[in-house]
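[1] From the sequence below, what's the structure:
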Amino acid sequence: MGDIIRVSVVVPVYNSMPYLKECIESLINQTLGEIEFIFVDDVGTDDSVKVLEEYQVKDDRIMLIHNKKNIGAGASRNRGIDAANGEYIIILDSDDVFEPEMIELMYKKAVETSADIVVCDYYTSDVKGQDLFGRRIPQWFLRRWNSDRRLQNKKNHRYAPAVLGGVAWDKLLRKDFIEENHLRFQETFNCDDVLFSFTALLKASSIVYLGRDIPPMVHYRKGGENSQSKYVRDVFTGIDAAEAIIEYVNDLPDGKAYRGAAFSLSYKAITIWHSRLTDSQKKEFNRKASRLTFEDLGIHLWDDEDYFSLYERDALEELLGIRSISGENSLTNEDGSIVLNKALQSEFKRELGDSKLALWGYGVYGRRMLQNGNNDLFGFKCIVDKSPQIIGTRVGSLEIQKPAKEVFEGIDAIVVPNSNYIDSVIDDLTVMGCDIPVIDIVAFYRFGIPLRECIYREQCFDFGGQKSKQRNVHE
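    Residues are numbered from 1 along each chain as shown. Below you'll find the model as predicted:
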């Protein structure tokens, strides 16, 4: 290996045999040559170390660090960072993979822009490695970036942790930036990168996006049980991560400005972690959570305006069994269904007027939108879904249909209840030859983004009777 190392890749390894070779191959075949790969052996019980040693003989860019005992993903990542020699550092889980040109593209972008952080899009894959959907930075957030894909000003950083936070493997970070700001992973077995990502995104002077013209670069394997970060060691880990974020923000002199992002990412960490638990683990979680108060979480002194919207706060109350807030500001019912408060209802009616809307997706979030008479507000004229198991099912007076051009005749816009599927919906519509606008309803009720900024595709759209040209940032 040469003297100059551009990028260090840190990979904690624990019982990773089913996917480890695929992970290693994705690294050693990167198009950028001046890289080092730091694998931190966290004392698993399978033959992962033997595989690493075999590859190390073939490729001298591989560095192997052995922990004396199992210390967890967070502490292992910190050990890897401490040993790194690269100008930039990126993290990877041992069951995930990078596209071959990823590191070269991100490194060049970092050098060109002198960025502290470069962020890319990623795919979520199943355990077999089949891509399910791609995470793309949403349109409303892209409008807060300038023409060279740089987040425009510090004010907009308040959204960055909520949209981009939670994981480290989609971010290339300047090593000097990490050291200057004393950035460390929480030394836990799970959710260790949540606080790291949050603090990095807040402290960065320059965050640059690789771009929508470049496909997602990471394949994140969802449900793989052979990554340390996916083992369940403590059912309360998600809440511990949330409390760390909230404590960090509460201690900042200007922390009030970032409370919305802190809570949004905390809510995400808790709900995603909760979804990984088995039924018995959820019972244990619920027993502990039922004793929590807002004071325990550190948000008892927060005001309503500190949140992006009250939806997530009320939804978390329901999940944790804390029903301390009610009234006209509540955004969820006790069954978790979505109820827009009076201000959001007014904006929805004002902007969309008598527009004929379709709902695309009848999964968990789609069902919540239609519970408790919400269709009186949204007025959906049809519901579509690509799942064969539910096509033909009746929902009130509507029958779930397969998406098709003729189904959308007379429809003014399509509401998508899960932001992760926005791009795939747009791609499907393009194939059909439909130029119907798509509404990211989650950005509206979760982040409090003005409805006009939640419209995708360049299209003349009738906002309350007034035509308004929307910019196309999908292409």
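[2] Quick one: name whatever helix or strand follows the lengthiest helix in the chain.
    Secondary structure of the chain per DSSP state H: the longest helix is helix 259-276. Once the chain leaves helix 259-276, the next helix or strand it forms, by DSSP states H and E, is helix 279-289.
[3] Enumerate the positions of that following helix that are buried.
    Buried positions in helix 279-289, judged by neighbour count with 16 or more other CB atoms under 10 Å: 285, 289. No exception for glycine: its C-beta is placed from N, CA and C like everyone else's.
[4] okay, the angle between it and helix 259-276?
    In terms of direction (axes from the mean of the first three to the mean of the last three CA atoms, to 10 degrees), helix 279-289 departs from helix 259-276 by 140 degrees.
[5] Now helix 279-289: average pLDDT?
    Confidence for helix 279-289, expressed as mean pLDDT, is 84.
[6] any idea how far whatever helix or strand comes next after that helix is from the chain center?
    Counting by DSSP H and E, the element after helix 279-289 in chain order, helix or strand, is helix 294-297. Per CA atoms, centre = their mean, to the nearest Å, the displacement of helix 294-297 from the mean C-alpha position of its chain is 25 Å.
[7] Only C-alpha atoms, please: export helix 294-297 in CSV.
    Extracted in CSV, the C-alpha atoms of helix 294-297 (Å, rounded to 0.1, in the frame of the first residue of the first chain):
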residue,chain,number,x,y,z
PHE,A,294,-41.6,13.5,29.8
GLU,A,295,-39.2,14.5,32.5
ASP,A,296,-37.4,11.2,32.1
LEU,A,297,-37.0,11.9,28.4
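[8] Beyond it, next helix or strand please.
    Per DSSP H and E, the first helix or strand lying C-terminal to helix 294-297 is helix 311-320.
[9] Of all the residues in that following helix, which ones are buried?
    Buried residues in helix 311-320, counted by 16+ other CB under 10 Å: 311-317, 319-320.
[10] which strands and helices sit next to it?
    helix 259-276, helix 441-446 (3 or more CB pairs under 8 Å, 6 or more residues apart in numbering; DSSP states H and E).
[11] Mind doing that once more with 10 Å?
    Applying 3 or more CB pairs under 10 Å, 6 or more residues apart in numbering; DSSP states H and E, one finds that helix 311-320 contacts helix 237-251, helix 259-276, helix 279-289, helix 294-297, helix 441-446.
[12] Including distance to residue 415, could the ones you listed go into JSON lines?
    Formatted as JSON lines, the helices and strands packed on helix 311-320 follow (distance: least, CB to CB, whole Å):
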{"stretch": "helix 237-251", "distance to residue 415": "29"}
{"stretch": "helix 259-276", "distance to residue 415": "21"}
{"stretch": "helix 279-289", "distance to residue 415": "30"}
{"stretch": "helix 294-297", "distance to residue 415": "32"}
{"stretch": "helix 441-446", "distance to residue 415": "5"}
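[13] out of those, nearest to residue 307?
    The closest of the helices and strands packed on helix 311-320 to residue 307 is helix 259-276. By CB to CB, the value is 5.5 Å.
[14] what packs against that closest one?
    If contacts are counted by 3+ CB pairs under 10 Å, 6+ apart, helix 259-276 sits against helix 160-164, helix 193-203, helix 237-251, helix 279-289, helix 294-297, helix 311-320, helix 441-446.
[15] switch to 8 Å and redo it
    helix 160-164, helix 193-203, helix 237-251, helix 311-320.
[16] Among those, which comes closest to residue 19?
    Judged by CB to CB, the one of these that comes nearest to residue 19 is helix 193-203, at 18.5 Å.
[17] list the buried ones in that closest one?
    Buried residues in helix 193-203 (16+ other CB under 10 Å): 193-203.
[18] Show me which positions of the helix or strand following that helix end up buried.
    Scanning forward in sequence from helix 193-203 by DSSP H and E, the next helix or strand is strand 207-209. Using 16+ other CB under 10 Å as the burial criterion, the residues of strand 207-209 that qualify are 207-209.
[19] number of nearby residues for residue 274?
    Other residues within reach of residue 274, judged by other CB atoms under 10 Å, total 18.
[20] Okay, the spatially closest residue to residue 266 that is not a sequence neighbour and residue 188: tell me how far apart.
    For residue 266, ignoring the flanking residues on the chain, the nearest one in space by CB to CB, 6 or more residues apart in numbering is residue 242 at 3.5 Å. For residue 242, the distance to residue 188 equals 12 Å [CB to CB, to the nearest Å].
[21] Settle it for me: which of the two has more neighbours?
    Using other CB under 10 Å as the criterion, residue 242 and residue 188 rank with residue 242 on top: 26 against 21.
[22] can you give me how far stretch 391-398 is from the chain middle?
    Distance of stretch 391-398 from its chain centroid, counting by CA atoms, centre = their mean, is 31 Å.
[23] Now that stretch: average pLDDT?
    For stretch 391-398, the mean per-residue pLDDT is 91.
[24] which residue ranges form the helices in the stretch 51-200 of the chain?
    Secondary structure of the stretch 51-200 of the chain (DSSP state H, counting those that start in this stretch): helices at 73-83, 102-113, 139-142, 160-164, 175-180, 193-203.
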